[in-house]
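# task: produce atomic coordinates for the following.
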Amino acid sequence: MVMAHRVSKRQGLQTENKKAQEDPITNGVLYIYKARDGLEKMRLDVSLQSKLKREGKMIFEELPNGTELDMVNGRRRKSQLGKETCFDVMDAQGASLYAYSLPLTLMAGLLQGLKSDESVKTFKKEARNLSSHPGTNYMFLHWQGKGEDESDGKDFHMHQFVKKRPTLAVTIESLGNLISRKILLNPTIGVRKYPGLLSNRVVATSMEQEFQDPHWDFVGWRWIKAEEMPWVVHVPMCKEGMMLHIWPTQRDEKTHTEPQEKMKLGTPKLVFVAFGDYLILRADVCHGGCFGTKGNMRFHMVLRREGCPLTVTSLHLLGKSGIDEADYLVKRKVLTKLLGETHSYFTMEQKRKAKTVTAYITALKKNVYPEHDTWTDGLLENLDYE
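Numbering: from 1, shown residues only. Sure, this is the predicted structure:
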């Protein structure tokens, strides 16, 4: 009797891990088997279906002209009306997503809730200094434990800042649901929503553009499965937009569960996010930000499953993650060269995407309050720091 060869679960995982290591390092991240959530292909397919409706490169990389620009604005209009969720998958795993045109009502809710005179006054008073980038202020619109509310201390709870603004609370809830259901294709990801705000209080005056140290938003992300992984949403709150640098990291099969995993680095890339658009990264995508001129403000939100073991207590810095330090310094120099002089790359990207931003702002002014197109006055500018 011939016995059929039976592959054990462990052998199967080892095979998949080895296959993963053969993938190129040009994407946002390279996952081992444990970190594949099963929805990457579906997200990629949805993105490509939408991409077939236009010609040329992905829009986040290069803004098209002429008829192609009209198609972009057509996609924006559909997205604004809630008829089509438009996004580009930026890496083969579908874990870095550039989404177009936040629906107008949601942007209006964020602007009115976060940038009114009273809101800005509260932000400036309560914001703290970001340890990974001293010139940036941040304020979490949630807290842990008994900071302001009686709780069991085991989870985050919504800040009074949001509780006092019911429209803002509905907007944040709706934005999280839109992303988890329409883009991530998994409603359970958006069950828990943790919003926050960041703003450039001080901008360095050196010739070279400074940047926040590359990091992950959670310590411990490497020990959980992808289906438990949070997602992080970045939305520019000023018409000048925002920008992040994203670092490709290659996981190591033998040491991926150790505190000092021996990861390899790819070449960092810059992603400018135009006003009206937003960026979505899975929590295991290494990144950094804090670009833009003085007073630039960004909305930051973490989407987590119920019972996700990760919490935002401190950043996990790439420079302290078992990487080759010499290679890391070389890659930092590559990023510095790409950035050029202070604000030069940021300004170039602003100009490149000015037409679509103008189209979005025009729609925002006219369509939210048709008889009152001055409602955005003072809400699209950077914060005023004396």
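# quick check: closest non-adjacent residue to residue 100.
Using CB to CB, 6 or more residues apart in numbering and skipping residues adjacent in sequence, the residue nearest residue 100 is residue 86, 4.2 Å away. Where C-beta positions appear, they are placed from N, C-alpha and C, glycine not excepted.
# residue 107 now?
Nearest-residue entry for residue 107: residue 364, 6.2 Å, with adjacent residues in sequence omitted and distances by CB to CB, 6+ apart.
# hang on, the earlier thing: quick check: the residue nearest to residue 100 vs residue 233, distance?
Distance, residue 86 to residue 233, by CB to CB, to the nearest Å: 16 Å.
# give me the neighbour count for the residue nearest to residue 100.
Residue 86 has 24 neighbouring residues, counting by other CB atoms under 10 Å.
# tell me how far it lies from residue 163.
Counting by CB to CB, the gap from residue 86 to residue 163 is 32 Å.
# help me confirm that residue 278 is found in a helix?
No: read with DSSP: H, G, I helix; E, B strand; the rest coil, residue 278 is strand and lies in no helix.
# quick check: it vs residue 85, distance?
As for residue 278, its distance to residue 85 is 11 Å (criterion: CB to CB).
# neighbour count: those two, which is higher?
residue 278 (27 against 19).
# these two touch, right, that one and residue 234?
Yes: counting by CB atoms under 8 Å, residue 278 does reach residue 234; the two are 6.3 Å apart.
# who touches both of those two?
Common contacts of residue 278 and residue 234 (CB atoms under 8 Å, 6 or more residues apart in numbering): none found.
# please, where are all the helices along this structure?
Assigned by DSSP state H, the chain shows helices spanning 9-21, 40-51, 67-80, 104-114, 117-126, 160-163, 166-178, 325-339, 344-352, 354-368.
# hang on, the earlier thing: what do residue 278 and residue 85 both touch?
With CB under 8 Å, 6+ apart as the test, residue 278 and residue 85 both reach residue 99.
# now do the contacts for the residue nearest to residue 107.
The neighbourhood of residue 364, defined by CB under 8 Å, 6+ apart, consists of 104, 107, 108, 276, 376.
# setting aside sequence neighbours, what's the nearest residue to the last one?
I take that to be residue 376. Spatial nearest neighbour of residue 376, excluding adjacent residues (CB to CB, 6+ apart): residue 365 at 5.5 Å.
# the one you found: what's it in contact with?
By CB under 8 Å, 6+ apart, residue 365 lies in contact with 373, 374, 375, 376.
# need the pLDDT of it.
Model confidence at residue 365, given as pLDDT, is 88.
# before we move on, what about residue 298?
95.
# same question, residue 22
As predicted, residue 22 sits at a pLDDT of 39.
# equivalent analysis for the one 10 residues further on, please.
At residue 32, the predicted lDDT confidence score is 39.
# so, low pLDDT: which residues of this structure?
1-38, 40-41, 44, 47-84, 92-93, 143-157, 205-209, 226, 251-261, 311-313 (pLDDT under 70).
# tell me where the stretch 201-350 of the chain has strands.
Counting by DSSP state E, counting those that start in this stretch, the stretch 201-350 of the chain has these strands, from start to end: 215-216, 231-236, 242-247, 249-250, 264-265, 269-273, 278-282, 286-288, 297-304, 316-317.
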